[in-house]
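Asks: build the 3D model from these lines:
(one chain, ligands or ions: 2)
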Amino acid sequence: MLDKARENLRLACEQLKIHPDVFEELKSPRETLAVTLLIRMDNGSRRAFKAWRCRYNDRRGPTKGGVRFHPNVSLDEIETLAFWMTFKCAVANLPFGGGKGGVCVNSKELSPTELERLSRAYIEAFSSFIGPDRDIMAPDMYTNGIVIAWMADEYAAITGEPLPMAITGKPIAFGGTVGRTDATARGGYIALRHLEASLNLDPAKATVAIQGFGNVGYHCAKLLHADGYRIVAVSDSRGAIYDPDGLDPLAVMEHKLHNGGILGAKGHGETREISNAELLELDCDVLVPAALERQITLANSDRIKARIILEMANGPITPEADAALTAAGHIIVPDILANSGGVTVSHLEWVQNRSGFYWDNSRVRDHLKTTMSTETQAVWALHNDMDISMREAAYVHGLRRIADSVEARGTQAYFSGT
Ligand SMILES: NC(=O)C1=CN([C@@H]2O[C@H](COP(=O)(O)OP(=O)(O)OC[C@H]3O[C@@H](n4cnc5c(N)ncnc54)[C@H](OP(=O)(O)O)[C@@H]3O)[C@@H](O)[C@H]2O)C=CC1
Ligand SMILES: O=C(O)CCC(=O)C(=O)O
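Replies: Numbering: from 1, shown residues only. Ligands and ions are numbered 1, 2, ... in the order given. Below you'll find the model as predicted:
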């Protein structure tokens, strides 16, 4: 995946006529630590789990990014996610570089005590790699507030820092910020709402399909539904439900909490089960991938019907499929813009921890709204002015800021054309 992600970088470097030195610096991660975590299982046996943390690039500040627990986590995935974080933080204009971490584990197979030991073992292994001015962790797939609280507690014990600033996404009672739980979804929602007029989208008429019903997918569904969008399909790892008359996200979540999954939840009309693959191909106005990478590839891109794709997951569309969809006229609001609301509010948690002054919900939301609207407008303007896709525009926007920070350190001027 990293090879393919570099392709976006190369294109943005070409667009901006950036000096080759910048590409040379950004094409590889600065450092990645790979470890094996050994934990004691409840039955007394020991089990090994591969784990990584990557600091991709720190030109704009300490590296920042979540930690993922998933059986498909690999070195390539973590380095690619850290590459995307580098650009995401620049697009959001945060004083951060990009990082990411993960453990190759199916956390659903662990008991709560095993999961706690694994979370604490991760921090033990990476405690000297991370730090409030070096690398700051946060939640990602299958690392919720409880996992983050164990991690923060372990870091506090190891470092003697009662309030760990090297980990964001903490519970509010442990130094977290208001507004982080739904920040990623809210950021994407603000971006979409900002573009409504330009995209000729009418919430009262528009239909939405959402893949993934976790933190991001659920809150996205809730926010869009509250504004009148008709949520016609949602999915989780077990499958999808489709109801052309619409689904109520709160009722679907209620069902998931009681039954362990969304299958069987009822909407306003005749609800039926479909597969995750079918969900992606539904005839709807907005498709929101909010689960894993590489869900839309050349194998299914010609069957995608949604006019607008709001990429809330990281990397849900492969570069080849992205090119095909763009050529076919689909508008893709790219991940490094659409899902940057999470890290934007993580930044606020870090700021509040450092200052010791805590913001209220309206201040956090106002800040998120201003950031998302400003950066969405900037990317949209570049997309129109340069006649490039929104993804290329987002990379150009982020790359300008990263290249500026390289140049500001006194190295040679990198923009040959300006
Ligand atoms: N959390 C955050 O702040 C941010 C997250 N993101 C990205 O958003 C995406 C989702 O993250 P998040 O919501 O936090 O993760 P969660 O762990 O909260 O939820 C993941 C959801 O995806 C579902 N899922 C897992 N595998 C599949 C599959 N093969 N097909 C369909 N659905 C599947 C899960 O199903 P089940 O419930 O059955 O397990 C679950 O509903 C990821 O790409 C993540 O990197 C990006 C920016 C920030
Ligand atoms: O909140 C953060 O710091 C990072 C979130 C994240 O991992 C992501 O945006 O992909």
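Asks: now stretch 181-199: mean pLDDT?
Replies: Computed over stretch 181-199, the mean pLDDT rounds to 98.
Asks: so how far is that stretch from its chain's centroid?
Replies: Put simply, stretch 181-199 sits 14 Å off its chain's centre (CA atoms, centre = their mean, to the nearest Å).
Asks: so it, near ligand 2 or not?
Replies: No - using CB under 6 Å from any ligand atom, stretch 181-199 never reaches ligand 2; the gap is at least 6.7 Å. (Glycine included, C-beta is placed from N, CA and C.)
Asks: do a quick rundown of the strands in this structure.
Replies: 31-40, 46-57, 63-70, 97-104, 135-139, 207-211, 230-236, 239-242, 272-274, 286-289, 308-310, 331-333 (DSSP state E).
Asks: can you report how many residues lie near Arg47?
Replies: 15 (other CB atoms under 10 Å).
Asks: next one: Leu163
Replies: Leu163: 14 neighbours (other CB under 10 Å).
Asks: ok, now which ones touch the residue found closest to it once you drop the neighbours it is linked to in the chain?
Replies: Nearest residue to Leu163 in three dimensions, chain neighbours excluded: Gly175, at 4.4 Å (CB to CB, 6 or more residues apart in numbering). By CB atoms under 8 Å, 6 or more residues apart in numbering, the contact set of Gly175 is Ala152, Leu163, Pro164, Glu349, Gln352, Asn353.
Asks: Gly175 and Ile146: what is the separation?
Replies: Gly175 sits 15 Å away from Ile146, going by CB to CB, to the nearest Å.
Asks: which residue would be the closest one in the protein to ligand 2?
Replies: Closest residue of the chain to ligand 2, CB to the nearest ligand atom: Gly66 (2.7 Å).
Asks: which residues touch the closest residue to that residue other than its chain neighbours?
Replies: Leaving aside its chain neighbours, Gly66 sits nearest to Asp140 (3.0 Å; criterion: CB to CB, 6+ apart). Each residue near Asp140 by CB under 8 Å, 6+ apart is listed here: Gly65, Gly66, Val67, Arg68, Leu81, Lys100, Gly102.
Asks: tell me which of these is nearest to Phe126?
Replies: The closest of the contacts of Asp140 to Phe126 turns out to be Val67 (CB to CB; 8.9 Å).
Asks: tell me the pLDDT at the closest one?
Replies: Listed pLDDT for Val67 reads 98.
Asks: just the helices in this protein please.
Replies: 2-16, 20-26, 75-91, 112-126, 145-159, 183-199, 215-226, 249-259, 276-280, 319-327, 335-338, 341-355, 361-385, 390-407 (DSSP state H).
Asks: one step back: quick one, which of the strands of the chain is nearest to Pro316?
Replies: So among these, strand 286-289 is nearest, using CB to CB, at 3.5 Å.
Asks: give me the contact list for the closest one.
Replies: Identification of contacts with strand 286-289 by CB under 8 Å, 6+ apart yields 188, 192, 201, 206-212, 217, 220, 224, 229, 280, 295-296, 304, 306-313, 316-317.
Asks: can you rerun that using 6 Å?
Replies: Around strand 286-289, the neighbours that count as contacts under CB atoms under 6 Å, 6 or more residues apart in numbering are 208-211, 220, 295, 306, 308-310, 312-313, 316.
Asks: close to ligand 1, is it?
Replies: No - using CB under 6 Å from any ligand atom, strand 286-289 stays clear of ligand 1, with a minimum separation of 8.1 Å.
Asks: report the buried residues of that strand.
Replies: Buried residues in strand 286-289, defined by neighbour count with 16 or more other CB atoms under 10 Å: Val286, Leu287, Val288, Pro289.
Asks: and that strand, how far out from the chain's middle?
Replies: Distance, centroid of strand 286-289 to centroid of chain: 14 Å (CA atoms, centre = their mean).
Asks: partner strands of that strand, with direction?
Replies: For strand 286-289, the paired strands and their directions (DSSP bridges) read strand 207-211 (parallel), strand 308-310 (parallel).
Asks: so which of those is nearest Ile331?
Replies: Closest approach to Ile331 among the strands paired with strand 286-289 is made by strand 308-310 (5.0 Å; CB to CB).
Asks: which residues of the stretch 101-250 of the chain lie near ligand 2?
Replies: Ala138, Asp140, Thr168.
Asks: could I get the strands of the chain in CSV, plus columns for distance to Phe357?
Replies: CSV is the format used below for the strands of the chain (distance: least, CB to CB, whole Å):
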stretch, distance to Phe357
strand 31-40, 33
strand 46-57, 29
strand 63-70, 21
strand 97-104, 25
strand 135-139, 19
strand 207-211, 36
strand 230-236, 38
strand 239-242, 44
strand 272-274, 48
strand 286-289, 35
strand 308-310, 34
strand 331-333, 33
